[in-house]
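Enquirer: need coordinates for the below:
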Amino acid sequence: MHSIFAPQTSSSQVEIGHELSPKFDQDGLIACITTHAGTGEVLMFAYMNQVALTRTIETGEVHYYSRSRGELWKKGQSSGLTQQVRQMLIDCDQDCLVLRVDLGRATADDQVEASCHVGYRTCFYREVPVGGLPTDGAPVQLQFVAQQVFDPKKIYGQEDG
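Expert: Numbering: from 1, shown residues only. As a prediction, the model looks like this:
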């Protein structure tokens, strides 16, 4: 298969060149931050491998690589909660992507737009308090800053999407 990516040959080529030369890590992955195209809200963080990045560029539909399952997955394939790329950016070192996406819905009648498999609009639904540590030796307690927008059992038919 012909690669659509240029090899990294120099800092100058990577940093100011016109060729896409993604720097995949030792596991063949590149970090990807996904945001809502309309609001700028951070929706999720995931990884892509070469196949996922190629398919995303080719189709405009977001594909990721699941480290936990060890496989490629098209976002929304089982849930209907798809992501369509409006813009794809790559950083100066070409080792991190930012996607600006439009969200699909689980069903045509559904008004829910979400990305998180546990029922939240965004995967970032808890806040870590800063500015002090617990004095009693207990773990830091997370603060929920969002409500679930769908029941994952209804979408995925199981407890752990």
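Enquirer: what's the neighbour count on the residue lying closest to L20 once chain neighbours are set aside?
Expert: Ranked by CB to CB, 6 or more residues apart in numbering and with sequence neighbours excluded, the top spatial neighbour of L20 is F5, at 5.6 Å. Backbone N, C-alpha and C define where each C-beta goes, glycine included. For F5, the tally of surrounding residues (other CB atoms under 10 Å) stands at 16.
Enquirer: switch to numbering from 17
Expert: Yep, numbering from 17; the last one is F21 now.
Enquirer: beta partners of I49?
Expert: On the basis of DSSP bridges, I49 is bridged to F61, V114.
Enquirer: show me the contacts for the residue located most distally from the centre of the chain.
Expert: Using CA atoms, centre = their mean, the residue of the chain lying farthest from its centre is D152. It sits 36.0 Å away. Under the criterion of CB atoms under 8 Å, 6 or more residues apart in numbering, D152 has no neighbours.
Enquirer: which element is it on?
Expert: According to DSSP states H and E, D152 maps onto no helix or strand at all.
Enquirer: so how far is I46 from the residue nearest to L36?
Expert: Distance from F21 to I46, counting by CB to CB, to the nearest Å: 10 Å.
Enquirer: who touches both of these two?
Expert: With CB under 8 Å, 6+ apart, F21 and I46 have common neighbours 38, 69.
Enquirer: which secondary structure elements does the top helix by length along the chain sit against?
Expert: Ordering each helix of the chain by length in residues (DSSP state H) puts helix 66-75 first. Helices and strands touching helix 66-75, by 3 or more CB pairs under 8 Å, 6 or more residues apart in numbering; DSSP states H and E, are strand 79-82, strand 87-90, strand 99-106.
Enquirer: report the angle between that helix and strand 99-106.
Expert: Orientation of helix 66-75 against strand 99-106 (axes from the mean of the first three to the mean of the last three CA atoms, to 10 degrees) gives an angle of 110 degrees.
Enquirer: of all the helices and strands packed on helix 66-75, which one comes closest to L158?
Expert: strand 79-82 (23.7 Å; CB to CB).
Enquirer: quick revisit: in the longest helix of the chain, what's buried?
Expert: Burial within helix 66-75, assessed by neighbour count using 16 or more other CB atoms under 10 Å, is assigned to 66, 68-72.
Enquirer: can you pull the pLDDT of the residue nearest to L36?
Expert: With respect to pLDDT, F21 has a value of 95.
Enquirer: report the distance from the worst-scoring helix or strand of the chain on mean pLDDT to the chain centre.
Expert: Across the helices and strands of the chain, mean confidence by mean pLDDT, DSSP states H and E is lowest for helix 168-172: a mean of 86. Offset of helix 168-172 from its chain centre (CA atoms, centre = their mean, to the nearest Å): 20 Å.
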